[in-house]
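J.: quick check, what structure comes out for this input:
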Amino acid sequence: MEDLAEKDAREKSDAASEAFLAELALDSKKAVKGGSESTKHVEKTKDRKKNKDQRKARDMKVFIMDV
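T.: As a prediction, the model looks like this:
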């Protein structure tokens, strides 16, 4: 009887450990995917530059059509 209780406790402990490690791995993946603050800043800067270049191209098209 005592052996069954110990076996059950061990199984529950192992299951809890596996769940904890799986959650920890998931959190780790989210952190890597999110990137650091400096990476986000660089991406925003690139987006702004791309938008500025697109505005320039659009303005040039309007200017060429007006001439």
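J.: contacts and neighbour counts: CA atoms only from here.
T.: Will do.
J.: ranges for the helices of the protein?
T.: 2-34, 37-66 (DSSP state H).
J.: please produce CSV containing those helices, extended by mean pLDDT.
T.: Formatted as CSV, these follow (pLDDT from 0 to 100):
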stretch, mean pLDDT
helix 2-34, 85
helix 37-66, 70
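J.: now those helices in a markdown table, with mean neighbour count?
T.: Converted to a markdown table, the helices of the chain look like this (neighbours: other Cα atoms under 10 Å):
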| stretch | mean neighbour count |
| --- | --- |
| helix 2-34 | 11 |
| helix 37-66 | 11 |
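J.: how is the chain divided into domains?
T.: The chain breaks down into these domains under automatic domain parsing: 1-34, 36-67.
J.: report the distance from the longest one to the chain centre.
T.: Looking back up the chat, that one is domain 1-34. Between the centre of domain 1-34 and the centre of its host chain there is 24 Å, according to Cα atoms, centre = their mean, to the nearest Å.
J.: do stretch 50-57 as well
T.: Offset of stretch 50-57 from its chain centre (Cα atoms, centre = their mean): 28 Å.
J.: then stretch 51-60?
T.: The answer for stretch 51-60 is 30 Å, by Cα atoms, centre = their mean.
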